[in-house]
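In: just a sequence and a predicted model for now, questions to come.
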Amino acid sequence: MTFKPQAWSKLTPESYPRLYEFLDPRDRRAAMQELEKIRVQLTRMFQSYGADDPEVLAHDTIDRAAVQCEKLTGPCVGPPFPFFRAFAKHVFQESLRERYRTQPLPLCLPAPEPDLEDQENKELMDRCLEQCLASFSDANRELVLGYYLGEKRAKIEHRKELAEQLKVPLNALRIRVCRLRAVLRKCVLECVEARSAV
């Protein structure tokens, strides 16, 4: 079995020549087979780390290694897997940061004891959340809600589309949403406090 770039990859098969040379300078097919073995190893490694989407992270790692290998002026040398593992660590750390950023908005409210009160507090928070979202501009409201649409790969792709629509880097989009979340959180807490005091 030989390595095949995924449809979501921004790289094409032509982006990998230096990487194939690194893996086997004489035989392209053998290099592709070696790259497929490395992809499987990376996927297993990410699985052992408890990653949400090990296969996606493995392909992202290979893409980064291919880009870096292409930038090198000299030949890529050394055993192959440690070269990929160095990129894998960064990719995994970024995925953890992304997971942290996309956690549901914590409101830090004390947990009420009776079930009835719990339901009332949930309804109160929902009303406050709706009220605070309504105070946002249409663009900011759509951005906050749209940022969390989808699951796993679909969510990642949707965020890339959002960044492209806004003509900003993905990291700038994350920062913008993070700031909006902070404003939203403050608004909801103040609303809940004000309504609870009545």
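Out: That came through, no problem. Note that the structure is predicted; figures quoted are calculated from it, not measured.

In: how about whichever strand or helix holds residue 184: buried residues?
Out: Per DSSP states H and E, residue 184 falls inside helix 170-197. Along helix 170-197, these residues count as buried under the neighbour rule (16 or more other CB atoms under 10 Å): 173-174, 176-177, 180-181, 184-185, 187-189, 191-192. The way it works is simple: take the backbone N, C-alpha and C, and place the C-beta from them, glycine included.

In: want to throw the residues you listed into CSV with pLDDT and distance to residue 141?
Out: Below are the buried residues of helix 170-197 laid out as CSV (pLDDT from 0 to 100; distance: CB to CB, whole Å):
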residue, pLDDT, distance to residue 141
173, 84, 15
174, 84, 18
176, 86, 13
177, 86, 12
180, 87, 9
181, 87, 12
184, 87, 10
185, 87, 15
187, 89, 12
188, 87, 14
189, 86, 18
191, 88, 16
192, 84, 19
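
In: just give me the closest of the residues you listed to residue 61.
Out: Proximity of the buried residues of helix 170-197 to residue 61 was ranked by CB to CB; the top entry is residue 174 with 20.2 Å.

In: gap between the closest one and residue 184?
Out: As for residue 174, its distance to residue 184 is 15 Å (criterion: CB to CB, to the nearest Å).

In: now the angle between helix 170-197 and the lowest-mean-pLDDT helix or strand in the chain, please.
Out: The helix or strand of the chain with the poorest confidence is helix 115-135; it has a mean of 76 (mean pLDDT, DSSP states H and E). On the basis of axes from the mean of the first three to the mean of the last three CA atoms, to 10 degrees, helix 115-135 is oriented at 130 degrees to helix 170-197.

In: so for the helix or strand just after helix 115-135, what gets flagged as buried?
Out: Sequence-wise, the next helix or strand downstream of helix 115-135 (DSSP H and E) is helix 138-147. Within helix 138-147, the residues that count as buried by 16+ other CB under 10 Å are 140-141, 143-144, 147.

In: would you format the residues you listed as JSON lines with pLDDT and distance to residue 94 included?
Out: Output for the buried residues of helix 138-147, formatted as JSON lines (pLDDT from 0 to 100; distance: CB to CB, whole Å):
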{"residue": "140", "pLDDT": "87", "distance to residue 94": "25"}
{"residue": "141", "pLDDT": "87", "distance to residue 94": "27"}
{"residue": "143", "pLDDT": "86", "distance to residue 94": "21"}
{"residue": "144", "pLDDT": "84", "distance to residue 94": "22"}
{"residue": "147", "pLDDT": "82", "distance to residue 94": "17"}
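
In: any chance of those residues in TSV, plus distance to residue 69?
Out: Shown next, in TSV, are these (distance: CB to CB, whole Å):
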residue	distance to residue 69
140	41
141	43
143	36
144	38
147	33
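
In: list the buried residues in stretch 131-140.
Out: Buried, per 16+ other CB under 10 Å, within stretch 131-140: 132, 136, 140.

In: contacts for it, please.
Out: Residues outside stretch 131-140 that contact it (CB atoms under 8 Å, 6 or more residues apart in numbering): 141, 144-145, 180, 184, 187-188, 191.
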